[in-house]
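>>> Sequence below, structure please.
(one chain, ligands or ions: 1)
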Amino acid sequence: MTGDCYSCRQEDALAAASFAERLHVTDFWRTAHAFNSSLPGWLVVLPRRHVSSVAELTPAEAAELGPLLHQLSTALHETVRCTKTYVMQFAEAEGFGHVHFHLVPRMPDLPSEHRGPRIFHYLTRPESEWLTSERRVEIATAIAERLRTE
Ligand SMILES: [Zn+2]
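Numbers count the residues shown, from 1 in each chain. This is a model prediction of the structure:
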């Protein structure tokens, strides 16, 4: 089952992965910068084992999630200067059924037509508009540094 899972394949190859794929890794959770985002700071927070429903998380995994989303949100405020963060979890796309929380900076100048769930505009742009891998690593590094100084 996990062979078809993008997130599990990433987890299996973590040591060789870009820093943007593993900017913060704990026993239970991995945080990545979304590879297909045109919005700087779009983070994805995933359990390190295959889980297809939030209800399948262990108590220990669940206990770490709240503080983690808080820490990452604080780091996003300080690095990309968002006014708040959005948190979303669907795991519906083909090959992406592994639970993953989208943690997205809501920028002060976000156009009204892209607010709320319409923020996914920035995750559905053509590849030519995605952030470069260099830029993703740069943002990932800035966020990781913020987490370390907390
Ligand atoms: Zn998986």
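>>> Buried ones in the helix or strand bottoming out on mean pLDDT in the chain, by neighbour count?
Between all helices and strands in the chain, the lowest mean by mean pLDDT, DSSP states H and E belongs to helix 6-12, at a mean of 92. By neighbour count on 16 or more other Cβ atoms under 10 Å, the buried set for helix 6-12 is 7, 8, 10, 11. Just so you know, the C-beta spots here come from the backbone N, C-alpha and C atoms, and that holds for glycine as well.
>>> With stretch 81-97 instead?
In stretch 81-97, the ones that count as buried by 16+ other Cβ under 10 Å are 82, 85, 86, 91, 97.
>>> ok, residue 39 - contacts?
By Cβ atoms under 8 Å, 6 or more residues apart in numbering, residue 39 lies in contact with 104, 105, 107, 119, 122, 123, 131.
>>> what secondary structure does the last one sit in?
When you say that, I think you mean residue 131. Under the three-state scheme (DSSP: H, G, I helix; E, B strand; the rest coil), the conformation of residue 131 reads as coil.
>>> Might one say that it is in contact with residue 36?
No. Using Cβ atoms under 8 Å, residue 131 is not in contact with residue 36; the gap is 9.1 Å.
>>> The residue nearest the centre of the chain: what's it in contact with?
Nearest residue to the geometric centre of the chain (Cα atoms, centre = their mean): residue 44, 1.3 Å. By Cβ under 8 Å, 6+ apart, residue 44 lies in contact with 31, 32, 33, 34, 100, 101, 102, 103.
>>> Try it again at 10 Å.
7, 21, 30-35, 37, 96, 100-104, 123 (Cβ atoms under 10 Å, 6 or more residues apart in numbering).
>>> what's the closest non-adjacent residue to residue 141?
Excluding the flanking residues, the one nearest residue 141 by Cβ to Cβ, 6 or more residues apart in numbering is residue 19, at 6.5 Å.
>>> Could you tell me how many residues sit around the one you found?
If you count neighbours by other Cβ atoms under 10 Å, residue 19 ends up with 15.
>>> That one against residue 136, yeah?
Yes. With contact defined as Cβ atoms under 10 Å, residue 19 reaches residue 136; the gap is 8.6 Å.
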